[in-house]
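Enquirer: Everything below, folded, please.
(one chain, ligands or ions: 1)
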Amino acid sequence: MTARWPRVAVTRAMPGDALDRLRAVAEVVVWPHRRPPSPEELRTLAAGATGLVTMLTDRVDAALLDACPDLQVVANMAAGHDNLDVPELTRRGIPVGTTPGVLTESTADLAWALMLAAARRLPEAAAAVRDGEWVTWEPDWLLGVDVAGATLGIVGYGRIGAAVARRAAGFGMEVLAWNRTPRTATGVTFVELDELVRRSDVVTLHCALTDETRGLIGAAELRAMKPTAVLVNTARGPIVDQGALLRALETGEIRAAGLDVAVPEPLPPDDPLLSLPNCLVVPHIGSATVTTRSRMAGMAVDHVLAVLAGDPPPHCVNPEVLASGP
Ligand code: DGY
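Expert: Sure thing, here's the model as predicted:
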């Protein structure tokens, strides 16, 4: 009698050779659609699975875990893990792997792309060309704000925040940062959040979404920002009070925003933010390069392969479950 292969459920097709590596050792079932599975569909997909590879769009909670009693590892193809109930996974002794590090530079690049595009009004300028409004060179048309030489405020000074700061050196910027836990870094002045929002020309968000950072940038913070300031969010939508942001952009409390994340995701096409000329929204593409997404897929699969081989996942967010052993 041949031993049954472990079953691994994967909630979306992934780039690169990651799935092939998994198929060499496991029976792999992949959710075949572009949209994420519903909670019921995910329960069906993951039933009987030893390993589960999830995306940031998939909720892993007690109801799902009840349907997968054989689960030994969850690998989230993301640096963030706010879509997973980690305390519940920990309680059940299931290690969770994530994919930090490999997406740092791509996400920092996108934060800069949003910063420059919002500050220099690129979406408005491109739309004006398409709409036939480019009639001549005009001294006072589409004037934006300078990024070079300005003050950059980084909220959350982890890997991505630090990568954003490195790029700021080339722009001759003063760099301020706020971090929940104390940090030091050469060329960066750490300040309280209220000072950061007050002094920065560009505020860029790079903290994880937790109970403490939900709504961190609300009406008071937006009111304290300069009227010429630009807000960039490549972290998680709920870190910003989106209603307050809408008002701040409408009333000129701040100049512009560049958002890679929103509430909800996907943001419906009729969301009022999308009608504002000073708000640029892109669909959560911070890590969306061929190389980075392949590396994320590879790292997620490495977690599953490690556990199937009896080893700990290479980057485990709840290592306490490893210490306690089976
Ligand atoms: C992450 O990894 O958490 C990003 O938001 C996805 O690119």
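
Enquirer: what ranges do the helices span in the stretch 151-300 of the chain?
Expert: Using DSSP state H, counting those that start in this stretch, the helices of the stretch 151-300 of the chain run over residues 159-170, 193-199, 219-224, 242-251, 290-308.

Enquirer: Tell me how many other residues crowd L280.
Expert: 23 (other CB atoms under 10 Å). To be clear about C-beta, it is placed using only N, CA and C from the backbone, and glycine gets the same treatment.

Enquirer: Turn the helices of the stretch 151-300 of the chain into JSON lines, columns for mean neighbour count.
Expert: Converted to JSON lines, the helices of the stretch 151-300 of the chain look like this (neighbours: other CB atoms under 10 Å):
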{"stretch": "helix 159-170", "mean neighbour count": "19"}
{"stretch": "helix 193-199", "mean neighbour count": "18"}
{"stretch": "helix 219-224", "mean neighbour count": "17"}
{"stretch": "helix 242-251", "mean neighbour count": "18"}
{"stretch": "helix 290-308", "mean neighbour count": "21"}
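
Enquirer: between the ones you listed, which gets nearest to T136?
Expert: helix 242-251 (28.8 Å; CB to CB).

Enquirer: Okay, the residue in the stretch 201-326 of the chain positioned nearest to the ligand and I239: tell me how far apart.
Expert: Nearest residue of the stretch 201-326 of the chain to the ligand: S287, at 3.2 Å (CB to the nearest ligand atom). To I239, S287 is 17 Å away according to CB to CB, to the nearest Å.

Enquirer: ok, now A125?
Expert: 28 Å.

Enquirer: of those two, who's got more company?
Expert: Ranked by neighbour count (other CB under 10 Å), A125 and I239 place I239 first, with 23 against 16.

Enquirer: In this structure R255 contacts N278, no?
Expert: Yes. R255 is within contact range of N278, at 6.5 Å (criterion: CB atoms under 8 Å).

Enquirer: so where's this structure uncertain?
Expert: 1-3, 324-326 (pLDDT under 70).

Enquirer: what residues does it put near the ligand?
Expert: Within the chain, the positions near the ligand by CB under 6 Å from any ligand atom are 56, 78-80, 103, 286-287.

Enquirer: again, 8 Å this time
Expert: 56, 77-81, 98-100, 103, 107, 234-236, 260-261, 284-288, 296 (CB under 8 Å from any ligand atom).
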